[in-house]
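> Coordinates for the following, if possible.
(chains A and B)
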Amino acid sequence: GDSVTQMEGPVTLSEEAFLTINCTYTATGYPSLFWYVQYPGEGLQLLLKATKADDKGSNKGFEATYRKETTSFHLEKGSVQVSDSAVYFCALRDRDDKIIFGKGTRLHILP
Amino acid sequence: DAGITQSPRYKITETGRQVTLMCHQTWSHSYMFWYRQDLGHGLRLIYYSAAADITDKGEVPDGYVVSRSKTENFPLTLESATRSQTSVYFCASSAAGLALPLGEQFFGPGTRLTVL
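Got it, this is the predicted structure:
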């Protein structure tokens, strides 16, 4: 079945560092891809999405590009802030319209 | 309040008891979902519903029951709670239709359930 694999955390960075969280997927066809973020004590919220190959999703300084050839959707941000500390989930929408989530990557940003 | 709400936010119960977690959304979204979140597993889908009176199993449905008599409500019942059901439970909803970003789900704040 479809699946999402993302790098294990926790990832600890200093403020203003460059962030990459890797995500690869296995799926039939070309699914829509998402990054969700979960701040402490809250539910998940959609951060960005891409619906077809070469699409770039972006929001709040975060970006991810849908790479069909490498089946990847890596999340990047050029300069992280303490407020970016959260758990990040990569996900895809399968053919049955269900969302398949990765296991999540916890990000700690140190001031 | 607009949005998606869950109640209770925290619950402690004992093994063997029945527990119902409530979920309510005000958007009239067709789809609703129940997930559990556990360390090392991420989010796993328990049950989902495409519309009122239509429900289907997800990845980990055993020990859970759902119903959807009204579009806005999607309660999750643990018929006889077990310690392995200690988890954080999230409800989510999404709209159907080409005019909306398919697949985007809106999550409630979660219910932290502890089974002793």
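
> All the strands of the chain, residue numbers only.
Using chain A. Across chain A, reading from the start of the chain, the strands by DSSP state E fall at A:3-6, A:11-14, A:19-21, A:23-26, A:32-38, A:44-50, A:56-59, A:62-65, A:75-77, A:86-93, A:99-101, A:105-110.

> You answered for a different chain; I wanted chain B.
With DSSP E applied, chain B shows strands at B:4-7, B:10-13, B:19-25, B:31-38, B:42-51, B:54-57, B:64-66, B:76-78, B:87-94, B:106-107, B:111-115, listed in chain order.

> Same list (those strands) but as JSON lines, adding mean pLDDT and mean neighbour count.
Where C-beta positions appear, they are placed from N, C-alpha and C, glycine not excepted. What follows is the strands of chain B, written out as JSON lines (pLDDT from 0 to 100; neighbours: other Cβ atoms under 10 Å in any protein chain shown):
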{"stretch": "strand B:4-7", "mean pLDDT": "95", "mean neighbour count": "18"}
{"stretch": "strand B:10-13", "mean pLDDT": "97", "mean neighbour count": "14"}
{"stretch": "strand B:19-25", "mean pLDDT": "97", "mean neighbour count": "20"}
{"stretch": "strand B:31-38", "mean pLDDT": "93", "mean neighbour count": "23"}
{"stretch": "strand B:42-51", "mean pLDDT": "90", "mean neighbour count": "20"}
{"stretch": "strand B:54-57", "mean pLDDT": "92", "mean neighbour count": "14"}
{"stretch": "strand B:64-66", "mean pLDDT": "97", "mean neighbour count": "18"}
{"stretch": "strand B:76-78", "mean pLDDT": "98", "mean neighbour count": "19"}
{"stretch": "strand B:87-94", "mean pLDDT": "94", "mean neighbour count": "23"}
{"stretch": "strand B:106-107", "mean pLDDT": "90", "mean neighbour count": "20"}
{"stretch": "strand B:111-115", "mean pLDDT": "97", "mean neighbour count": "18"}
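
> Spell out which residues of chain A are next to chain B.
Proximity of chain A to chain B (Cβ under 8 Å from any Cβ of the partner chain) is limited to residues A:32, A:34, A:41-46, A:49, A:89, A:93, A:97-99, A:101-104.

> how about the residue lying closest to B:M22 once chain neighbours are set aside, what does it touch?
Computed as Cβ to Cβ, 6 or more residues apart in numbering or on different chains, the closest residue to B:M22 that is not its neighbour in sequence is B:S7, at 4.7 Å. Contacts were defined as Cβ atoms under 8 Å, 6 or more residues apart in numbering or on different chains; by that measure B:S7 touches B:21-22, B:24, B:111.

> one more time with 10 Å
B:20-24, B:75, B:108-109, B:111 (Cβ atoms under 10 Å, 6 or more residues apart in numbering or on different chains).

> nearest to B:Q85, of the residues you listed?
When the contacts of B:S7 are compared for distance to B:Q85 (Cβ to Cβ), B:L21 comes out closest, at 10.7 Å.

> Is that closest one bridged to anything, and to what?
Using DSSP bridges, the bridge partners assigned to B:L21 are B:L76.

> Could you tell me how far it is located from A:Y36?
Going from B:L21 to A:Y36 by Cβ to Cβ, to the nearest Å gives 21 Å.

> Show the buried residues in the residues of chain A next to chain B.
When the residues of chain A next to chain B are checked for burial by 16 or more other Cβ atoms under 10 Å in any protein chain shown, the buried set is A:32, A:34, A:43-44, A:46, A:49, A:89, A:93, A:98-99, A:101-104.
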